[in-house]
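Colleague: generate a structure from the sequence data that follows.
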Amino acid sequence: MTEKRKAARRRLVGVVKSDKMMKTVTVIVSRRVQDPLYRKYMSRDSSFKAHDAEGVAHAGDTVEIEEHRPYASTKRWKVIRVLKSVAR
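Modeller: As a prediction, the model looks like this:
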């Protein structure tokens, strides 16, 4: 009778910084924030480790990642798709 609904998982878009690990990529996500005192916009970067089972993402690619259950102690995201691939 009661319907359990999953919470919407966050999705972020970023650039792959490293693909040297097996089935793991490091993704840099940039966001713009405003300084509270000077009102100047600055760029802030966050780094996430994401699971890439097929190994399709390579350094320089733009990817979409989604929150997921923990794969490892530092890996809590997974690669959904590659949005833009860099020519190799």
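
Colleague: which element is Val15 on?
Modeller: Following DSSP states H and E, one finds Val15 within strand 11-21.

Colleague: pairing partners for that strand, with directions?
Modeller: Its sheet considered, strand 11-21 pairs with strand 24-34 (antiparallel), strand 62-67 (antiparallel) by DSSP bridges.

Colleague: flag every buried residue along that strand.
Modeller: For strand 11-21, a neighbour-count test (16 or more other CB atoms under 10 Å) marks Leu12, Gly14, Val15, Val16, Asp19 as buried. Any C-beta I mention is one placed from the backbone N, CA and C, and that applies to glycine too.

Colleague: now for the first one: which residues touch it?
Modeller: Listed by CB atoms under 8 Å, 6 or more residues apart in numbering, the contact partners of Leu12 are Val27, Val29, Phe48, Glu64, Ile65, Glu66, Trp77.

Colleague: are any of those buried, and which?
Modeller: Among the contacts of Leu12, those buried by neighbour count (16+ other CB under 10 Å) are Val27, Phe48, Ile65, Trp77.

Colleague: go through those and name the one nearest Ala7.
Modeller: Here the nearest of the buried ones among the contacts of Leu12 to Ala7, counting by CB to CB, is Trp77; it sits at 15.5 Å.

Colleague: which pLDDT value goes with that closest one?
Modeller: As predicted, Trp77 sits at a pLDDT of 98.

Colleague: just to check, it is in contact with Lys49?
Modeller: Yes. Because the distance of 6.9 Å satisfies CB atoms under 8 Å, Trp77 is recorded as touching Lys49.

Colleague: picking that back up, nearest to Leu37 among the buried ones among the contacts of Leu12?
Modeller: Ranked by distance to Leu37 (CB to CB), the buried ones among the contacts of Leu12 are led by Phe48 at 28.8 Å.
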